[in-house]
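Colleague: The sequence isn't on hand, but the structure is:
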């Protein structure tokens, strides 16, 4: 019950932030600078605000599915649904059919429920491998993280976090068939399955708990299979549309002009290295995540989570580019968002100190949450000139 209580309090805080920030949101109608499937008025309600940005695209997927032919405007592929993976909108549509909810409420419901299961499973795993305090600290840090309100809106982070948590659980317990099934679901949720495949391979080489030759070969094969799943959704898109690069050109439709694919964009985007803020952010992320993962006490997370935090941190650096989206990408680091896994629990003065540190960490997180909701997620002006969450 403790992780659900923490999660519930955090979601209430996030909802309050969304409601307050939405008072300054502009009306969003058809034909504007961003894709709108469901128009919303100025100062929208909580559920109306929750379908901002990608939530509008998932609404289009729910209502219309995926186009059999890619839309072409001025000779190039326009933005379309193939850039968005199908599992999340499928779950939303099933909930809508099951209980009769409208899309905004069903989207919030799926995200919130998936997030609740994710934090509960993560807490249980860490309490078993480490301690109750570490599990609680990791759960609270995740729920109070800057972009954690994304877990209760129409985005895939909740579902992705749940599936990654399940994958790590099955990986550490050696349940390879279940892990393979979860890997397929991840491949239909977010383009992060290659990072999981690398984790599975490295885990097989490092793990000594159930080591034997057959087991190692099976896990290495599963790792290769998981990496290959990177092409599952692009292949489906290609077969359905008759164009092998349908997914890639759909994703690239969001990069206008001379923009290039995301891979390596941190190192190739003009102006990045001249921007002290972006450079400082990159250095801080690398240093902090490396320090967290490499410290000896990170072993308390279990090998699976430790590998995931390290590999995924490098993956999102390589596979993404500069932008506000990195704050929500970091959310999938899970327990890595609590950077002090080795805080001592005794004698009593240290126990009180670690609680104080955790409280301060959570308060800082909630403060940044308000800034993220106000400045990134809600739309208070021309969305084409603002930050994209």
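Modeller: Thanks, I have it. Every value quoted in this text rests on a predicted model; they were computed, and no experiment measured them.

Colleague: only C-alpha atoms for contact and neighbour calcs from this point on.
Modeller: Will do.

Colleague: among the helices and strands of the protein, which has the poorest mean pLDDT?
Modeller: Sorting the helices and strands of the chain by mean pLDDT, DSSP states H and E puts helix 265-268 at the bottom, at a mean of 54.

Colleague: From the centroid of this protein, which residue is nearest?
Modeller: residue 157 (3.6 Å; C-alpha atoms, centre = their mean).

Colleague: Surely that residue touches residue 333?
Modeller: No: applying C-alpha atoms under 8 Å, one finds residue 157 not in contact with residue 333, separated by 11.1 Å.

Colleague: For stretch 129-137, buried residues please.
Modeller: 130, 131, 133, 134, 135, 136, 137 (16 or more other C-alpha atoms under 10 Å).

Colleague: And for stretch 98-114?
Modeller: For stretch 98-114, burial by neighbour count (16+ other C-alpha under 10 Å) applies to 103, 104, 105, 106, 107, 108, 109, 110, 111, 112, 114.

Colleague: Do me a favour and average the pLDDT over the helix or strand harbouring the fifth one.
Modeller: Right, residue 107. Per DSSP states H and E, residue 107 falls inside helix 103-129. Computed over helix 103-129, the mean pLDDT rounds to 96.

Colleague: what about the strands in this structure?
Modeller: Ranges of strands in the chain, per DSSP state E, are 72-73, 76-77.

Colleague: Single out the most deeply packed of these.
Modeller: Of all the strands of the chain, strand 76-77 carries the top mean neighbour count, a mean of 14, counting by mean count of other C-alpha atoms under 10 Å.

Colleague: residues touching the residue nearest to the centre of the chain, list them.
Modeller: 111, 150, 151, 328, 331, 332 (C-alpha atoms under 8 Å, 6 or more residues apart in numbering).

Colleague: Try it again at 10 Å.
Modeller: Listed by C-alpha atoms under 10 Å, 6 or more residues apart in numbering, the contact set of residue 157 reads 88, 111, 114-115, 148, 150-151, 163, 189-190, 328-329, 331-332.

Colleague: Same question for residue 26.
Modeller: Residue 26 is in contact with 40, 41, 42, 43, 44, 378, 379, 380, 381, 382, 383, counting by C-alpha under 10 Å, 6+ apart.

Colleague: Which of these are buried, as a ChimeraX select command?
Modeller: Buried residues among the contacts of residue 26 (16+ other C-alpha under 10 Å), as a ChimeraX selection:
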select :40,42,43,44,378,379,380,383
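
Colleague: and of the contacts of residue 26, the nearest to residue 206?
Modeller: Among these, residue 378 lies closest to residue 206 (C-alpha to C-alpha), at 44.2 Å.

Colleague: Report whether the expected contact of that closest one with residue 27 is present.
Modeller: No: contact criterion C-alpha atoms under 10 Å: residue 378 and residue 27 do not qualify, at 11.1 Å.

Colleague: could you show me where the helices are in the stretch 101-250 of the chain, in order?
Modeller: 103-129, 132-143, 157-173, 176-187, 193-206, 213-228, 232-241, 246-252 (DSSP state H, counting those that start in this stretch).

Colleague: by how many degrees do the fifth one and helix 213-228 diverge?
Modeller: Orientation note: helix 193-206 sits at an angle of 160 degrees relative to helix 213-228 (axes from the mean of the first three to the mean of the last three C-alpha atoms, to 10 degrees).

Colleague: Would you mind pulling up the elements that helix 193-206 packs against?
Modeller: Counting contacts by 3 or more C-alpha pairs under 10 Å, 6 or more residues apart in numbering; DSSP states H and E, helix 193-206 is packed against helix 157-173, helix 176-187, helix 213-228, helix 303-319.

Colleague: same question, the last one
Modeller: With contacts defined as 3+ C-alpha pairs under 10 Å, 6+ apart, helix 246-252 has these neighbours: strand 76-77, helix 232-241.

Colleague: got TSV for the ones you listed, with mean pLDDT and distance to residue 202 too?
Modeller: Shown next, in TSV, are the helices and strands packed on helix 246-252 (pLDDT from 0 to 100; distance: least, C-alpha to C-alpha, whole Å):
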stretch	mean pLDDT	distance to residue 202
strand 76-77	91	38
helix 232-241	97	22
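
Colleague: mind putting the ones you listed in JSON lines, distance to residue 122 included?
Modeller: JSON lines is the format used below for the helices and strands packed on helix 246-252 (distance: least, C-alpha to C-alpha, whole Å):
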{"stretch": "strand 76-77", "distance to residue 122": "40"}
{"stretch": "helix 232-241", "distance to residue 122": "27"}
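
Colleague: closest to residue 255 out of the ones you listed?
Modeller: Checked against C-alpha to C-alpha, the stretch from the helices and strands packed on helix 246-252 lying closest is strand 76-77, at 11.2 Å.
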